[in-house]
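Novice: sharing a sequence plus its predicted fold:
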Amino acid sequence: MKNIDILIIGAGISGAVLAERYASFGKKVLIIEKRDHIAGNCYDYMDDNGILVSKYGAHLFHTNEEIVWKYVQQFSDWYPWEHKVVARVDDKNVPIPVNITTVNTLFGENITSEEEMSAWLETNRKPFEKPANGEEAVLNRVGKVLYEKMFKHYTKKQWDKFPAELDASVLERIPVRSNYDDRYFSDKYQALPKGGYTQLFNSILANNNIEILLNTDYFDVMDEYAGYGKLFYTGPVDRFFDFKHSMEEKLEYRSINFVSETLDQQYFQENSVVNYPGMEVDFTRIIEYKHFGNQQSEKTTVVKEFTVDGGEPYYPVPNPRNQKIYDKYKEEADKLTDVYFVGRLANYKYFNMDQAFKNALDLFASLEETAPENYKA
Ligand code: UDP
């Protein structure tokens, strides 16, 4: 049995941040990672056409958290990148989030001011004081017609559930705008790491106090590593407890099937991401990686995303049923000493990247109050 100060399961955002924090604090850290690479789902690499692509879907960093922004800048240069998404609706490309252009293009309107757009939304929306699910959330914001065209079927494809079967928060991730702003996010800081995310993680983890064991499933070797000071687990929470509360009802996750294609042409589509919210195709969106950072290549790489049930869990499925099951695991998790559950899968929460950074930083700060350079708000 090996003695380690800090044992971390998973080399994604949460694992990497905690490793860096503890290593800087003089602790010996071991990360055990099942995959053959670091960076979790942020992992990217140069493909054969010299295009930086992400293995597990596009990752757009955005945050309003000064602490997170300050933290990530230590490990990479970043270039400003305001993400935009186009949706293919009724054979037209329209901005999502819904804005003035979306409504004008789809309904032949001639809205030119915020007042007119607000009035249009007011006429079309179906108000709910406190939307109880994703359907009410969208109806409350944009009304039935846009709900049908842009949200209902995309959501069914993404989650295999209709919006009414999901928490309102899932659909409320996307704002609605009464102006021409066509950015996907409104955050103060929106940027991508120069050189990509894998390099960012390499830099976060570049500390002699950190050892990384790739290609290793923790559950295969856990007996060898039972002598830790603290354990940070970032994998699926139910796996940690051997699915003990999942006999009748399993905690649900969604995964993505990425179907990649190289095309011998300059560009395939006008934008990095084009969403397909209709029923005519099975995929949810097409990503053309070349657009990110305006990369140059004779060819282009496009990736279709098909969301599926089986496979690596990427998304928790936020709804009351899953929350109930998760709560049982959480109760177990809270009883353990020196074992901490961190990140999207271990907390069963649909965190954005910056929230994952923030939670890991907060956890370290709360556990190690005396550490220097604690990233506290
Ligand atoms: N969504 C939708 N239509 C779209 C884009 C998103 O209905 O064109 C809904 C869908 O339910 C999705 C959720 O909004 O799961 C959140 O979208 P987001 O882009 O944040 O999802 P992610 O990029 O994390 O997959």
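Specialist: Yes, it's here.
Novice: which strands border the longest strand along the chain, and is each parallel or antiparallel?
Specialist: Secondary structure of the chain per DSSP state E: the longest strand is strand 253-263. Paired with strand 253-263 in the same sheet, following DSSP bridges, are strand 300-308 (antiparallel), strand 315-316 (antiparallel).
Novice: how many neighbours does Asn215 have?
Specialist: 10 (other CB atoms under 10 Å). For the C-beta atoms, the positions are set from N, CA and C on the backbone; glycine is no exception.
Novice: how about the one 5 residues further on?
Specialist: Other residues lying near Asp220 total 10 when counted by other CB under 10 Å.
Novice: just the buried positions in the strand or helix carrying it, please.
Specialist: Secondary-structure assignment from DSSP states H and E places Asp220 in helix 218-221. Going by neighbour count (16 or more other CB atoms under 10 Å), the buried part of helix 218-221 is Tyr218.
Novice: for the strands paired with strand 253-263, give me CSV that also has distance to Gly12, mean pLDDT and mean neighbour count.
Specialist: Shown next, in CSV, are the strands paired with strand 253-263 (distance: least, CB to CB, whole Å; pLDDT from 0 to 100; neighbours: other CB atoms under 10 Å):
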stretch, distance to Gly12, mean pLDDT, mean neighbour count
strand 300-308, 19, 98, 19
strand 315-316, 14, 98, 20
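Novice: which one of those strands lies closest to the ligand?
Specialist: strand 315-316 (7.0 Å; CB to the nearest ligand atom).
Novice: so how far is Glu298 from Asp264?
Specialist: According to CB to CB, to the nearest Å, Asp264 and Glu298 sit 8 Å apart.
Novice: up against the ligand, what does this protein have?
Specialist: Applying CB under 6 Å from any ligand atom, we find that the chain lies next to the ligand at 87, 96, 150-151, 154-155, 158, 170-171, 173-174, 275, 277.
Novice: what are the boundaries of the strands in the stretch 251-377 of the chain?
Specialist: 253-263, 273-275, 285-288, 300-308, 315-316, 339-341 (DSSP state E, counting those that start in this stretch).
Novice: what's in contact with the second one?
Specialist: To tie it back to what came earlier, the one meant is strand 273-275. 58, 83-88, 93, 96, 154, 284-288 (CB atoms under 8 Å, 6 or more residues apart in numbering).
Novice: partners of it in the sheet?
Specialist: In its sheet, and by DSSP bridges, strand 273-275 pairs with strand 85-89 (parallel), strand 285-288 (antiparallel).
Novice: just these: most buried one?
Specialist: strand 285-288 (a mean of 23; mean count of other CB atoms under 10 Å).
Novice: list the contacts of that strand.
Specialist: 57-58, 85, 267-269, 271-276, 300-305.
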